[in-house]
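Q: generate coordinates for the sequence data below:
(one chain, ligands or ions: 1)
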Amino acid sequence: MANIAFIGVGNMGGPMAANLVKAQHKVRAFDLSPDNLARAEAAGAERAASLADAVKGADVVVTMLPAGPEVRAVYLGEGGIVASVDPGTLLIDASTIDVESARAVAAGAAAAGFAMLDAPVSGGVGGAAAGTLTFMCGGTEEAFARAEPILQHMGKTIVLAGASGAGQAAKICNNMILGISMIAVSEGFNLAEKLGLDPQKLFDVASRSSGQCWSLTNYCPVPGPVPASPANRDYQAGFTAAMMAKDMRLSQQAAQAAGAVTPLGAAAAQLYGLMNAAGRGQQDFSGIIRLLAGR
Ligand code: NAD
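A: I've put the predicted structure just below:
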């Protein structure tokens with residue numbers, strides 16, 4: 001049993017912290033949202049009065065925050081984790097943030113003598129609740145070896161992708177592929193409709209042909225062929241268009257900084273941004289099919 005401080009118990013962090021409690025760890029939670037903190041308490045976590053209070057005496061700190069600025073402030077700001085935590089504590093940031101912030105925060109932690117991993121996840125709120133997330137980690141092998149037994153209580157697949165920032169790099173490359181492929185599949189179904197082709201027939205053919213991909217076979221953007229996909233519940237979000245727009249923006253920032261040519265990523269970033277600007281940010285990202293159809 002470890003003493004774990006969990007900072008950021010929102011849609012993802014809440015169920016992740018609950019799984020650590022179920023695994024008999026002692027979890028102290030802190031969040032700016034009193035409602036989210038109350039939910040974490042109801043799931044068996046102790047409620048901390050402040051960030052510093054949460055991390056005091058912790059063996060491990062896990063953070064699950066919105067974006068890079070929050071992660072920088074929570075780790076490196078005044079009264080932040082690095083200033084408040086006991087020597088030897090392992091730091092794990094599971095938020096999805098830009099590679100540069102991940103590297104800067106890990107460097108700040110290392111300068112103060114702390115081991116840190118970036119460990120963004122895929123699997124969504126369903127995976128967080130079920131404890132089946134995929135963790136993509138960046139950091140040293142020693143830090144990864146210490147983190148793995150903790151992450152196993154929240155995820156099924158845990159991969160060390162490389163040095164600090166590599167976890168975030170793996171996450172945004174994967175999500176850029178996903179964002180582009182969902183648009184490609186949506187365009188295929190929209191064209192099929194105009195051509196009078198039954199969507200189920202397109203699915204039957206493409207899912208066994210060279211158009212096969214996860215966006216088609218696991219998350220089909222038209223109702224019918226894949227009963228579990230959000231298209232069957234009016235695009236109620238599993239993964240929101242707003243989150244996809246954020247990840248696509250991160251991929252484009254990284255592409256610019258690294259000099260990578262990603263024209264389809266750039267176009268996809270614009271389209272999810274448009275969906276968000278059209279007031280559809282809280283819908284599932286597969287609802288992009290309706291935007292592309294002019295609906
Ligand atoms: P969320 O907004 O539900 O939760 C974030 C929590 O952080 C909130 O409770 C907020 O109050 C808290 N917070 C913000 N600033 C804080 C601070 N300074 N101190 C303490 N608490 C603070 O978001 P989420 O859906 O849980 O996503 C969290 C991260 O996980 C994001 O980086 C997101 O991109 C990533 N992610 C989300 C999903 C998903 O499907 N929701 C999937 C994979 C990855």
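
Q: look at whichever residue of the stretch 1-150 of the chain sits closest to the ligand and give its secondary structure.
A: The nearest approach of the stretch 1-150 of the chain to the ligand comes at residue 10, 1.9 Å away (Cβ to the nearest ligand atom). No exception for glycine: its C-beta is placed from N, CA and C like everyone else's. Judged by DSSP: H, G, I helix; E, B strand; the rest coil, the three-state class of residue 10 is coil.

Q: now do the contacts for it.
A: 31, 33, 36, 64, 66 (Cβ atoms under 8 Å, 6 or more residues apart in numbering).

Q: filter the residues you listed down to the buried ones.
A: Neighbour counting with 16 or more other Cβ atoms under 10 Å marks 31, 36, 64 as buried within the contacts of residue 10.

Q: did I read that right, residue 29 in a strand?
A: Yes. Assessed by three-state DSSP, residue 29 belongs to a strand.

Q: and it, how close does it get to residue 15?
A: 12 Å (Cβ to Cβ, to the nearest Å).

Q: the more surrounded of those two?
A: residue 29 (29 against 23; other Cβ atoms under 10 Å).

Q: distance-wise, check that one relative to residue 163.
A: 30 Å.

Q: what does the chain put close to the ligand?
A: 7-13, 30-33, 36, 64-66, 70, 73-74, 95-96, 121-122, 124-125, 239, 243 (Cβ under 6 Å from any ligand atom).

Q: quick one, helices of the stretch 151-295 of the chain?
A: Under the criterion DSSP state H, counting those that start in this stretch, the stretch 151-295 of the chain contains helices at 166-194, 199-206, 214-217, 241-258, 263-275, 288-292.

Q: any chance of those helices in a markdown table, with mean pLDDT too?
A: As requested, the helices of the stretch 151-295 of the chain are exported to a markdown table (pLDDT from 0 to 100):
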| stretch | mean pLDDT |
| --- | --- |
| helix 166-194 | 98 |
| helix 199-206 | 98 |
| helix 214-217 | 97 |
| helix 241-258 | 96 |
| helix 263-275 | 98 |
| helix 288-292 | 98 |
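
Q: can you list those helices in a markdown table and add mean neighbour count?
A: A markdown table is the format used below for those (neighbours: other Cβ atoms under 10 Å):
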| stretch | mean neighbour count |
| --- | --- |
| helix 166-194 | 21 |
| helix 199-206 | 16 |
| helix 214-217 | 19 |
| helix 241-258 | 20 |
| helix 263-275 | 19 |
| helix 288-292 | 20 |
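
Q: can you redo those helices as TSV with distance to residue 19?
A: Listed next are the helices of the stretch 151-295 of the chain as TSV, based on distance: least, Cβ to Cβ, whole Å:
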stretch	distance to residue 19
helix 166-194	19
helix 199-206	34
helix 214-217	25
helix 241-258	21
helix 263-275	30
helix 288-292	31
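
Q: closest to residue 136 out of these?
A: Closest to residue 136 of the helices of the stretch 151-295 of the chain, according to Cβ to Cβ: helix 166-194, at 4.1 Å.

Q: give me the nearest residue to residue 112, chain neighbours excluded.
A: residue 82 (4.9 Å; Cβ to Cβ, 6 or more residues apart in numbering).
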